[in-house]
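**Student:** return a 3D structure for these sequence lines:
(chains A, B, C and D)
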Protein chains: 2
Amino acid sequence: MSTKRSTLQRQIILDTIKSLGKHLSAEELYLEIQKKHPIVGKSTIYRNLRQLVDDGVISQIVIDGVVRYDKKTGFHYHFICEVCGGIFDVEIDCDDKFADIIMNKYGFKTNRHEIDFFGVCSNCTDAKKTTPEEI
Amino acid sequence: MSTKRSTLQRQIILDTIKSLGKHLSAEELYLEIQKKHPIVGKSTIYRNLRQLVDDGVISQIVIDGVVRYDKKTGFHYHFICEVCGGIFDVEIDCDDKFADIIMNKYGFKTNRHEIDFFGVCSNCTDAKKTTPEEI
DNA sequence: TTTTTAAGAGAGACTAATTCTCATTTGCAT
DNA sequence: ATGCAAATGAGAATTAGTCTCTCTTAAAAA
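**Tutor:** Take a look at the predicted model:
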């Protein structure tokens, strides 16, 4: 991690990301922070988001062309509900075989992968069940 | 597929995508087409790319925040080489268990997924082998 | 074939998201 | 306390893509 000074703004930004629901875009985060801390400018938010990603403190995901930030950095995937648009963290283990299969077939050395699953989340499935005629 | 008129421009765009190396961005495609067919305007390229994606003729991928177009539409994943930046189509079969695992753990119905693998392609691995002291 | 007409094209205005610039402020080492 | 590099804020610039509006043209109808 690079040498950083601790500023009020950076603290506010990080606190907001940690405390809030996940997967906000920069703009959403900006609006959220505006509510309680109008001191923090938009450039500062973009600048800090970039730094936090570079430092591996948070991670960046792109869903449907929109860049979003995720406080979760460890190993996980994402599930995007095509009905409500919700983005959910998914923790399943399918690490194992990929690297070997790809090495054997292509000679490529894989050190990381990302998976986005698309479908219908449980909330939306339940909602649908109550109005089956709409399906 | 929606009703479409066949125009010279659309043909040029589609031909260029089909004939060229894969995974160009809109801008790259525009520059490429400019070389041989300066008739085709940028709006037309964007408009047609969108239509072709909507019609399922080509597919759209986002790599490192950049939207790219892929003439391959069937089932496949992508491998991104972190050394040369190359994007390769990967065809491996790991469809099977995902949907069931996610349904059991989260109650989410998965109907599709995308995987991006990151690592070092064979070309770049070979290049490295010849200069091991740099690693 | 000519005529008609709506889809498509082209130029460039517009928009949204993000980065950059630069003058000002501020955390922190001395 | 002082100095200075790092960080901030405001807004300009950039980028990627969409929209608008007029002109052109593929192709259906006459």
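**Student:** SS state for A:Arg5?
**Tutor:** coil (DSSP: H, G, I helix; E, B strand; the rest coil).
**Student:** can you check A:Ala127 too?
**Tutor:** A:Ala127 ends up helix, using three-state DSSP.
**Student:** ok, it - how many residues close by?
**Tutor:** Number of residues near A:Ala127 (other CB atoms under 10 Å in any protein chain shown) recorded here: 14. (C-beta placed from N, C-alpha, C; glycine too.)
**Student:** how about it: what's its closest non-neighbour residue?
**Tutor:** Leaving aside its chain neighbours, A:Ala127 sits nearest to A:Val83 (7.8 Å; criterion: CB to CB, 6 or more residues apart in numbering or on different chains).
**Student:** can you list phi and psi of that neighbour for me?
**Tutor:** phi -90, psi -60 (degrees, to the nearest 10).
**Student:** run a quick neighbour tally on it.
**Tutor:** Residues lying near A:Val83 (other CB under 10 Å) number 13.
**Student:** kindly report the same for the one 4 residues further on.
**Tutor:** Using other CB under 10 Å, A:Ile87 is surrounded by 21 other residues.
**Student:** list the contacts for it?
**Tutor:** Under the criterion of CB atoms under 8 Å, 6 or more residues apart in numbering or on different chains, the neighbours of A:Ile87 are A:Lys22, A:His23, A:Ile61, A:Ile63, A:Arg68, A:His78, A:Phe79, A:Ile80, A:Cys81.
**Student:** not counting its neighbours along the chain, what's nearest the residue positioned nearest the centre of chain A?
**Tutor:** Nearest to the geometric centre of chain A sits A:Asp70, at 3.3 Å (CA atoms, centre = their mean). Residue nearest to A:Asp70 in three dimensions, not counting chain neighbours: A:Ser59, with 4.9 Å by CB to CB, 6+ apart.
**Student:** surely that neighbour and A:Val53 touch.
**Tutor:** Yes: the pair A:Ser59 / A:Val53 is scored as a contact, 6.6 Å apart, by CB atoms under 8 Å.
**Student:** overlap of the contact sets of the two?
**Tutor:** A:Tyr69.
**Student:** rewinding a little: distance of the residue nearest to A:Asp70 from A:Leu52?
**Tutor:** The span separating A:Ser59 from A:Leu52 equals 9 Å under the rule CB to CB, to the nearest Å.
**Student:** which residues do these two both contact?
**Tutor:** Counting by CB under 8 Å, 6+ apart, the common neighbours of A:Ser59 and A:Leu52 are A:Tyr69.
**Student:** which of those two has more neighbours?
**Tutor:** A direct count of neighbours by other CB under 10 Å for A:Ser59 and A:Leu52 places A:Leu52 higher, at 20 against 16.
**Student:** give me the number of neighbouring residues for the closest residue to the more buried one other than its chain neighbours.
**Tutor:** The shortest distance from A:Leu52 to any residue other than its chain neighbours is 4.7 Å, reached at A:Ile58 (CB to CB, 6+ apart). For A:Ile58, the number of neighbouring residues by other CB under 10 Å comes to 20.
**Student:** nearest to B:Ala127 among the contacts of A:Ile87?
**Tutor:** Proximity of these to B:Ala127 was ranked by CB to CB; the top entry is A:Ile61 with 30.7 Å.
**Student:** contacts for the longest strand seen in chain A?
**Tutor:** In chain A, taking DSSP state E as the definition, the longest strand is strand A:109-120. Defining contact as CB under 8 Å, 6+ apart, one finds that strand A:109-120 is touched by A:61, A:63, A:77-83, A:90, A:94, A:98-99, A:102-103, A:128, B:79, B:82, B:98, B:102, B:108-120, B:125.
**Student:** now do the helices in chain A.
**Tutor:** For chain A, the helices defined by DSSP state H occupy A:8-19, A:26-36, A:42-54, A:96-106, A:122-130.
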